[in-house]
Structures are given as C-alpha cells and as structure tokens.
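**Student:** Starting from these lines, generate the structure:
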Amino acid sequence: MIAVISGVTLSALVLVFISFIFAAPVPLSVPIIYCCLAMIFVGGTRMLMRSVFHKNDVKSKTKVVIYGAGKSGLQLSSVLFHGNELEPIAFVDDDRRKQGSILNGINVYSPEELPQVLSKYSVTNILLALGQAPRSQRSLIIRFLETYPVKVQTIPDINEIVKGKARIEEIREVEIEDLLGRDSVAPDTKLLAECISGKSVMVTGAGGSIGSELCRQIVKLKPSKLILFESSEYALYQIEQELSCYADKTGDTLALHAILGSVQKQDRIEAVMNSFKVDTVYHAAAYKHVPLVEQNIIEGTRNNVFGTWYCAEAAINAKVETFVLISSDKAVRPTNVMGASKRLSELILQGLAQRQKGTRFCMVRFGNVLGSSGSVVPLFRKQIREGGPVTVTHENITRYFMTVQEAAELVLQAGSMGEGGDVFVLDMGKSVRIAELAKKLIHLMGMEVKDEANPAGDIEIKYSGLRPGEKLYEELLIGDNVSSTNHPGIRKAIEHCLPWEEVAKSLQRLDHACQSFDCQAVLNEMLKAPLGYAPSSEVNDLVWQQDHPFDQAQSIRRSANEEIEPAGHVVVAISDKAPINLPSF
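**Tutor:** Below you'll find the model as predicted:
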C-alpha cells in the first residue's frame, strides 16, 4: 500500500508539474480525480488478487485457535499467516483488557466463549502461546482445555527461541512438565558451584539419563576438568560430542576426558581418579529398570551394590573430597532387587562415612525423572500415535515425577550440603496416578478414551498387571524423621545405618552368593540386612529359573532366617583383580 500510494501521488505531481511547464489548461480537479482513480485501479486490482490467492491458501490450511494474545501469540500468528499449514482464526486470552479487541486482524475471545468459537469455525487444534507463564498457570489452562475435543499443542519456550535453539513456528506436543503443573525452585548458585567450580569432577554413568544431564549442568559451572566415566561406548561418544560442541560454541576452555570403564573394576576407577586428581565424584552409574534387574539379579547386584562400594573405596584411596550417590525412592521399603540394591548402597556409604573422614559421602534420593530412559510418557505418546492401546500396569498405580534438569540441579546443590553419611531427599511434589496421566495425554492429543462408558472412543487403556517387584506407590522416606535444609527443595532424612564391620560382613556373604551364581542366597542376604526388603514374587532371574523352575518366594523367606557363621575378618574376591583384604574390627 505504501508503494502504491507513493507511486500514484508522485505521478499526480508529475502531471501537475507538466501542465504548469507547458501552460496546459488542466483544471485542478483533474489531478485529484486521476489520483483517486489510479489508487482504485492500481491498488484495488492488487488487493483483489491478493484476496483471491489468500482465500485459496486458507482453504487448504488447518484452522487453529491461539491461546494467549501476548507477544508470543502475536508473533506466532504472523508466522502462521505466511505459512502453508495452519490458519489462526481466533485468540483466547484470560486478560479482560484484550478480550473483544482485534489483534493482527484476529478477534480476541474470553475462555468462556471458547465452545462457541470451536463450534463456529470447526476448530480441532489449539496452540498454546503462553510466553513465560509459570507451570502452575499452564497446568490450570491445560486442565481447562482437557474437556474439549481438540488437540492441544504448544510452541517452544521463549528462552529457547531467544537463544536460537528453536523457532516459534516449531509446534510441539504439550510438555508433561506443564501437565503436572510443578514450578521448579530457583537454584542457589553458591551451592551449585561449591563442589564444581575450578575442581576436577568425575561423573560415573555419564552417558545415562541422569549422568548426561549432570554433565550438562556441570560444564556451565566451569570445572577445571570433567571426567566422563561410562561403560557404553556409544553413550560415551554421544555425551562427549555434545559437550565438546557446547564448549566450542561458548568458547570455554573445558578439559573434557571421556573414559571407558566399568564401576565393577576398582583398580580402573582408582587409576582414573588418581591420574586426574579428582575432587568430586557423582556416582550415577546403575541398572535402574526394575523388571530387567529382577530378571538379572546377579548383574544388577554386582553393578549397583559392588559398583558403588568399589567406587567409594577408590575415592577414599584417591583422596577424593566429595562423593555423591544418586539413589532412588525405590530404596524405601523395597519390593524389588533394584530398590534393595540402592538401599544397601546407601548403607555402604553410611558405613564408610563412619570408618574414615577424608572423603565426604552423601546420598540423594528422588523419584522418576521425566524423559529418562524407560519413562512412561514417551511410551504413551508412541502408543497413542499408533492408535493404542495405552498400557498401564495398574489402575491405581502412582509415581512421583521431576524434570531431569531440576533433578540434576538439586543433586549438585545437595552434594554441597553433606557433612558425611547424609541422605538427602528431593521435594517431588505430589504423586501422580499413571492412569490419569494416560487419559490426559489422550485428551490433549485430540482423542477420546475408549471404555465401557464410551465404546466409540479412539484409544483404549489396557491394564497389564503389576510387573515382578513393582509397587503400587513409591515413598521417599522410611520414617517421619526428616529435617529441613537451607534449600526449600531439599530435605535431610535421618535413616537407620549400620557400623562398617556389619556392612562388610554382609558384603562378604553377598559376594560369595554372587560368585557362585546363587540368586536365592543373594535375596536371602538382602532379606537379612536391615533394608526393609519384602520381595513381592518368586525368584525371577531368567537364568536361575531354567535350573530352579519350582523355587517360590516362601523358600526365600524361610532360608533368610538361617544363620551364617561370621568370619574373623573380611576377604572379598573380585573377579578381575586380587582379593581385597579389609581390616578386622
């Protein structure tokens, strides 16, 4: 329009100028009439053609409603206008000052008017453009939209857009963090940096879900060295490449060392710690998938229990300052080998904290991490896209959830608080019913749950039954003996612990059972230790079942009452090196 007005006005002025130069008898009304007609014909034809093409484009686009008429919503509508897939036809906003106005040529409606808008325009998609609204507010909005038969999607976080990590037109599924409505607590930068900045830091299991996120957080705190210790070559390669790219982009001079190795080899771990003069260790290496550990008892015990012990002993010998164990809510009154192994790992570190004072040991216990390997949310989304059914183990099963970023931040902060043998518990908020979570995801993906009340629905939820060792609900504390800390998201649990000599004797018997591949003896030893372990089924180890098909859980409990003669001093044989002779107490 500016080009048309400028061109027509200039041509009218040229007409007036020529008539003046040549003294032509041109009435004053002629340039004015010419200007008006030229505007109509030149501008009008272009607007007409634009309108025709725009209507043709709109017919092929999917109509959407944008929830949020702020800056993010306006930017999104502008981008979508020029795209080929989505056509924004209405804004919905809670701000009464915006309701009834027209922004970017689009009417702004109140949430109460949403049903009429959806019906009038036959809308099947709603895009959330909520800017930096807190997750609690996002959760309320999502809960409100759940009642409508529409697919709810969102745009990337504004911080990602500003940093160039994403574009505003990248439409995504609603993040589960928004669905849960959990607002994270701002981290204490002093606590974050205390055990990391300028220090040599080592992360075991660096390629796993928790380990890799710990590494991402650690590199931002500028350690002098970061040692990535991992048994999986591919996982180690991935995290090493990611962190190297980050260092190149930011210009940080990061001393990054990718080390292949197993936590079950103490001599290898100790050599690494001594070589790089490690100050702080975050021990995230563990087998954590409950059914798989139930089916591989010996390897699960070796990796989780003895892997923790060998790393801790190596840390003491290498004079490491701080050792932080990543524990689990499944360690509380465990019903599975994974949980029992984590609780025994806690007892090991508590015992070592009493035995010496050179290395400061602490444990951080939390629940399920969103987006980690084995998380239910990606599985549910995949099942919904494939048309179902969505599989849930039990109608009443509940779990605690936390984002991997928040979990890693809190672990780093808790590690700075420990005095020796401390068990820290992260505030996980309220537990979530998995069945309700599945229903929410189905609704937000624009579908309906298929059940007896709604046989014409889209996606069925099937209950497969609890898997071996699985609990209906998880706990974070064994008792009520808990105290607050300087951080509102971290609490300190006062848990029962054993003298090191008792722990060492238990480890000796456990090692003997593992060496002889006696799964029943392994479970017996875990039952005898003060772990609160109560197995919910028979021995489920796949190899053991081939030779002992009729062994039942009752025989495990009966054998657990038998006494084993204590040894004079402890000798634990390790398959890859000479036996470790622990001093007698």
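**Student:** so what's Val432 up against?
**Tutor:** Applying C-beta atoms under 8 Å, 6 or more residues apart in numbering, we find Val432 in contact with Leu180, Thr398, Arg399, Tyr400, Phe401. For every residue, glycine as well, the C-beta is placed using N, CA and C.
**Student:** Dihedrals phi and psi, the third one?
**Tutor:** Going back to what we said before, that points to Arg399. Backbone torsions of Arg399, given as degrees, to the nearest 10, read phi -150, psi 150.
**Student:** 24 is where my numbering starts, stick with that
**Tutor:** With 24 as the first residue, the last one maps to Arg422.
**Student:** List the single closest residue to it in space, sequence neighbours excluded.
**Tutor:** Distances taken as C-beta to C-beta, 6 or more residues apart in numbering put Asn391 closest to Arg422, at 5.1 Å, once the chain neighbours are dropped.
**Student:** burial count for that neighbour?
**Tutor:** When counting by other C-beta atoms under 10 Å, one arrives at 23 neighbours for Asn391.
**Student:** re earlier: and which of the contacts of Val455 is nearest Val131?
**Tutor:** Leu203 (28.6 Å; C-beta to C-beta).
**Student:** Can you check what pLDDT the model gives the closest one?
**Tutor:** For Leu203, the model assigns a pLDDT of 67.
**Student:** what's the answer for Met296, then?
**Tutor:** Looking at Met296, its pLDDT reads 96.
**Student:** Which of the helices or strands spans it?
**Tutor:** Using DSSP states H and E, Met296 sits within helix 289-298.
**Student:** which other residues reach whichever helix or strand comes after that helix?
**Tutor:** Downstream of helix 289-298, the first helix or strand assigned by DSSP H and E is strand 303-306. For strand 303-306, contacts defined as C-beta under 8 Å, 6+ apart pick out 218-219, 222-228, 234, 237, 241, 286, 296, 331, 334-335, 338, 343-349, 434-435, 438.
**Student:** what do you get for stretch 49-58?
**Tutor:** For stretch 49-58, the surrounding residues in contact (C-beta under 8 Å, 6+ apart) are Val31, Thr32, Ser34, Ala35, Leu36, Leu38, Val39, Ser42.
**Student:** From the residues you listed, keep the buried residues only.
**Tutor:** Buried residues within the contacts of stretch 49-58, counting neighbours by 16 or more other C-beta atoms under 10 Å: Val31, Ala35, Leu38, Ser42.
**Student:** pretty sure the second one belongs to a helix, no?
**Tutor:** It stands for Ala35. Yes - Ala35: assigned to a helix according to DSSP: H, G, I helix; E, B strand; the rest coil.
**Student:** Do I have it right that it meets Met62?
**Tutor:** No - if you go by C-beta atoms under 8 Å, Ala35 and Met62 don't touch, sitting 9.7 Å apart.
**Student:** Now do the contacts for Asn509.
**Tutor:** Applying C-beta under 8 Å, 6+ apart, we find Asn509 in contact with Asp211, Leu214, Met440.
**Student:** Quick check: the second one vs Ala431, distance?
**Tutor:** Same thing as Leu214. According to C-beta to C-beta, to the nearest Å, Leu214 stands 13 Å off from Ala431.
**Student:** out of the two, which sits in the busier spot?
**Tutor:** More neighbours surround Ala431 than the other of Leu214 and Ala431, with 26 against 20 (other C-beta under 10 Å).
**Student:** Can you name every helix or strand that the host helix or strand of that one contacts?
**Tutor:** Ala431 belongs to helix 427-440 when assigned by DSSP H and E. When contacts are defined as 3 or more C-beta pairs under 8 Å, 6 or more residues apart in numbering; DSSP states H and E, helix 427-440 sits against helix 212-217, helix 232-242, strand 303-306, strand 345-349, strand 383-388, strand 391-393, strand 445-449, strand 513-516.
**Student:** Show the average pLDDT along the fifth one.
**Tutor:** The one in question is strand 383-388. Strand 383-388 comes out at a mean pLDDT of 90.
**Student:** Neighbouring strands of that strand in the sheet, and parallel or not?
**Tutor:** Sheet pairing of strand 383-388 (DSSP bridges) gives strand 345-349 (parallel), strand 445-449 (parallel).
**Student:** do the last one as well
**Tutor:** According to DSSP bridges, strand 513-516 forms sheet pairs with strand 445-449 (antiparallel), strand 505-507 (antiparallel).
**Student:** what's the following helix or strand after that strand?
**Tutor:** Assigned by DSSP H and E, the successor of strand 513-516 is helix 523-538.
**Student:** Beyond that next one, next helix or strand please.
**Tutor:** Following helix 523-538 in sequence order, the next helix or strand is helix 542-551 (DSSP H and E).
**Student:** just the angle between that next one and helix 523-538, please?
**Tutor:** Helix 542-551 runs at 160 degrees relative to helix 523-538, counting by axes from the mean of the first three to the mean of the last three C-alpha atoms, to 10 degrees.
**Student:** tell me which residues of helix 542-551 are tucked away?
**Tutor:** Buried residues in helix 542-551, counted by 16+ other C-beta under 10 Å: Cys542, Gln543, Ala544, Val545, Leu546, Asn547, Glu548, Met549, Leu550, Lys551.
**Student:** domains for the protein, by residue range?
**Tutor:** In terms of domains, the chain is parsed into 25-82, 85-203, 212-390+426-450+496-516, 524-604 (source: automatic domain parsing).
**Student:** Can you say which of the ones you listed is packed in most?
**Tutor:** Comparing the domains of the chain by mean neighbour count (mean count of other C-beta atoms under 10 Å), domain 212-390+426-450+496-516 ranks first with a mean of 21.
**Student:** So what would you say the end-to-end distance of that domain is?
**Tutor:** Counting by C-alpha to C-alpha, to the nearest Å, you get 23 Å between the two ends of domain 212-390+426-450+496-516.
**Student:** just how off-centre is it within its chain?
**Tutor:** 17 Å (C-alpha atoms, centre = their mean, to the nearest Å).
**Student:** cool, stretch 526-546 as well?
**Tutor:** Computed by C-alpha atoms, centre = their mean, the separation of stretch 526-546 from the middle of its chain amounts to 35 Å.
**Student:** contacts for the helix holding Ala431?
**Tutor:** 207-208, 210-211, 214-215, 217-219, 232-233, 236-237, 239-241, 244, 303, 305, 345, 347, 349, 385, 387, 389, 392-395, 447, 449, 508-510, 512-513, 515.
**Student:** again, only this time at 6 Å
**Tutor:** Residues from elsewhere that reach helix 427-440, judged by C-beta atoms under 6 Å, 6 or more residues apart in numbering: 207, 210-211, 214-215, 217-218, 236-237, 240, 347, 387, 389, 392, 394, 447, 449, 508, 510, 512-513.
**Student:** isn't Gly221 right up against Ser247?
**Tutor:** Yes - in this structure, Gly221 is within contact of Ser247 by C-beta atoms under 6 Å, at 5.4 Å.
**Student:** List the contacts of Trp332.
**Tutor:** Per C-beta under 6 Å, 6+ apart, neighbours of Trp332: Ile371.
**Student:** what about it, distance to Ile55?
**Tutor:** Per C-beta to C-beta, Trp332 is found 95 Å from Ile55.
**Student:** for Val472, same thing?
**Tutor:** 68 Å.
**Student:** And for Thr331?
**Tutor:** Taking C-beta to C-beta, one finds Thr331 at 90 Å from Ile55.
**Student:** With Thr382 instead?
**Tutor:** Taking C-beta to C-beta as the measure, Thr382 falls 92 Å from Ile55.
**Student:** ditto for Gln98
**Tutor:** As judged by C-beta to C-beta, Gln98 and Ile55 stand 41 Å apart.
**Student:** correct me, but Glu369 touches Cys385?
**Tutor:** No - assessed by C-beta under 6 Å, Glu369 is found out of contact with Cys385, at 10.0 Å.
**Student:** Mind listing residues that contact the helix or strand containing Ala281?
**Tutor:** Using DSSP H and E, Ala281 sits within strand 278-283. The list of residues contacting strand 278-283 from outside it, by C-beta under 6 Å, 6+ apart, reads Lys248, Leu249, Ile250, Leu251, Phe252, Leu259, Glu263, Leu266, Val295.
**Student:** In contact with Val360, which residues are there?
**Tutor:** Val360 neighbours (C-beta under 6 Å, 6+ apart): Val316, Glu317, Ile320, Gly323.
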